[in-house]
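[1] Could you work out the structure for the sequence below:
(one chain, ligands or ions: 3)
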Amino acid sequence: MIFIPPLSLYIHIPWCLKKCPYCDFNAYTLKNHDSQINYIQHLIQDLKNDVSIIKKRTIKTIFIGGGTPSILNNYLIKYLIQKIKTIVSIKKNTEITIEVNPENITIEKILKYQESGINRISFGIQTFNNKLLKLIGRNHTSKKIIILLNEIKKNIKINFNIDLIYGLPEQTLKNCLSDLEQAILINPNHISWYQLNIEKNTVFYYQKPNLPKDSIIWNMYNQGNSLLLQSQYQRYEISSYCKHNQFCFHNLNYWKFGDYIGIGCGSHSKITQKNGKIIRIIKKKRIYDYCNIRKIYIEKKYQIINQDKPFEYFMNIFRLFQPIQKKYFYLYTNLKIKYIKKNIKKAILKGYILKNNKYWKISKKGKNYLNNLLELFIII
Ligand SMILES: C[S@@+](CC[C@H](N)C(=O)[O-])C[C@H]1O[C@@H](n2cnc3c(N)ncnc32)[C@H](O)[C@@H]1O
Ligand SMILES: C[S@@+](CC[C@H](N)C(=O)[O-])C[C@H]1O[C@@H](n2cnc3c(N)ncnc32)[C@H](O)[C@@H]1O
Ligand code: SF4
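    Ligands and ions are numbered 1, 2, ... in the order given. You can find the predicted model right below:
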């Protein structure tokens, strides 16, 4: 019998009030002529088309990401979730996350989200420092964010995450640590703490800002990590920290090499079929191409060949900090462990992973040399 992994649903909302100079996500500045309702109708049709791929499988988590989903009118979010529930079956108490930007979120909006079934909010904060917020093109102020987050904490019982970035232009070690101290004071149950990546196709790639020196970034990473751990946050993934095991189950499913169906422009899907084959789907990237009258949303669909599965599996699973049960490699890839016996042996010899009968565990050296470790799983 082929093991079929849990299935998540990702919904992409491609608009933002303004494109940030560091961001390479598939997001566009919302224009007056953009029709939100038209896009939502296409999202619904996209999911209907995908039913032939996911059949009657139950959705275990939902993530409404972007872009900035909080840019949508409330009634559209409600309508979208209601429609989705008529197309696919969704587990009761399913984690449903929405990403929001402090510029277009209010307590009232969050209460409406809750009524629609959303039970996790992810805030794109990036930094609490006003000077840095300006430098990275964000229009909100630190005071506004702190008041909003404290009000939410006081009035609403909901899981929430704060996204922060370190290594920002002009950021000092002190700035970075005070961002974390502020976040810890607010006490969300989840913090995503990313290092700034200078991505191609962004303003920062072409107009290099004044970034902190590598040695300072290294100190930010080490001291920031210690601060989060001392404050009872558990690090369960490279950039993810949570309290009381309140993981982001949607992302956790990705990192465990679970299945997901993506609807919306530029979204990705990974689906295990009954015959054990794993397929990837990429939807049309540009909004204009995606919202087409022929209702054809798929840009590319291909199978992950056996040779590529080990690299893809370990690239995801080694992001996690818990030991990996060996049997899951077989279950999630449908490949026997002997397929990677030599590769594992090399990784152990180099001190990148430790093993016992049941588990593999990435060592400290493995974490520091993750790319070298992953290279061992490239099978040519
Ligand atoms: C797709 S964005 C959605 C958040 C929301 N639109 C907002 O910005 O308020 C998700 C998160 O990715 C992170 N991110 C985006 N670009 C990044 C980059 N170049 N380097 C590191 N993190 C980045 C940010 O923390 C951001 O909040
Ligand atoms: C960078 S993560 C931020 C998660 C957040 N820190 C949290 O814990 O909730 C989320 C972003 O990844 C991208 N993303 C996630 N799943 C995707 C998928 N299946 N297809 C395309 N993009 C995806 C989207 O841009 C989404 O906004
Ligand atoms: S960081 Fe958020 S608001 Fe900024 S461009 Fe990216 S998705 Fe949009």
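
[2] Tell me the pLDDT of Ile380.
    Per-residue pLDDT puts Ile380 at 82.

[3] Ile271 too?
    Ile271 is given a pLDDT of 98.

[4] Need the CA coordinates for the helix or strand Gly262 falls within. PDB is fine.
    Assigned by DSSP states H and E, Gly262 falls within strand 259-263. Taking Å, rounded to 0.1, in the frame of the first residue of the first chain, the C-alpha atoms of strand 259-263 are listed here in PDB:
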ATOM      1  CA  ASP A 259       1.400  17.200   0.100                       C
ATOM      2  CA  TYR A 260      -0.100  20.500  -0.700                       C
ATOM      3  CA  ILE A 261      -2.400  22.000  -3.300                       C
ATOM      4  CA  GLY A 262      -1.800  25.600  -4.300                       C
ATOM      5  CA  ILE A 263      -4.400  27.800  -5.900                       C
END
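
[5] now that strand: how far from the chain's centre is it?
    Its chain's average C-alpha position is 13 Å from that of strand 259-263, according to C-alpha atoms, centre = their mean, to the nearest Å.

[6] Packing partners of that strand?
    strand 7-13, helix 36-54, helix 249-255, strand 268-272, strand 278-283 (3 or more C-beta pairs under 8 Å, 6 or more residues apart in numbering; DSSP states H and E). Where you see a C-beta, it was placed from the backbone N, CA and C, and this is true even at glycine.

[7] Enumerate residues external to that strand that contact any of its residues.
    Residues from elsewhere that reach strand 259-263 (C-beta atoms under 8 Å, 6 or more residues apart in numbering): 4-12, 43, 46-47, 50, 53-54, 253-254, 268-272, 281, 283, 297.

[8] Number of residues surrounding the residue of the stretch 151-300 of the chain found nearest ligand 3?
    Using C-beta to the nearest ligand atom, Asp163 is the residue of the stretch 151-300 of the chain that sits closest to ligand 3, at 8.4 Å. As a burial measure, Asp163 scores 17 neighbours (other C-beta atoms under 10 Å).

[9] What is the one helix or strand Tyr113 maps to packed up against?
    Assessed by DSSP H and E, Tyr113 sits inside helix 107-116. Applying 3+ C-beta pairs under 8 Å, 6+ apart, we find helix 107-116 packed against helix 74-87, strand 89-100, helix 142-155.

[10] What are the buried residues along the first one?
    Residues of helix 74-87 classed as buried: Asn74, Leu76, Ile77, Lys78, Tyr79, Leu80, Ile81, Ile84 (neighbour count, 16 or more other C-beta atoms under 10 Å).
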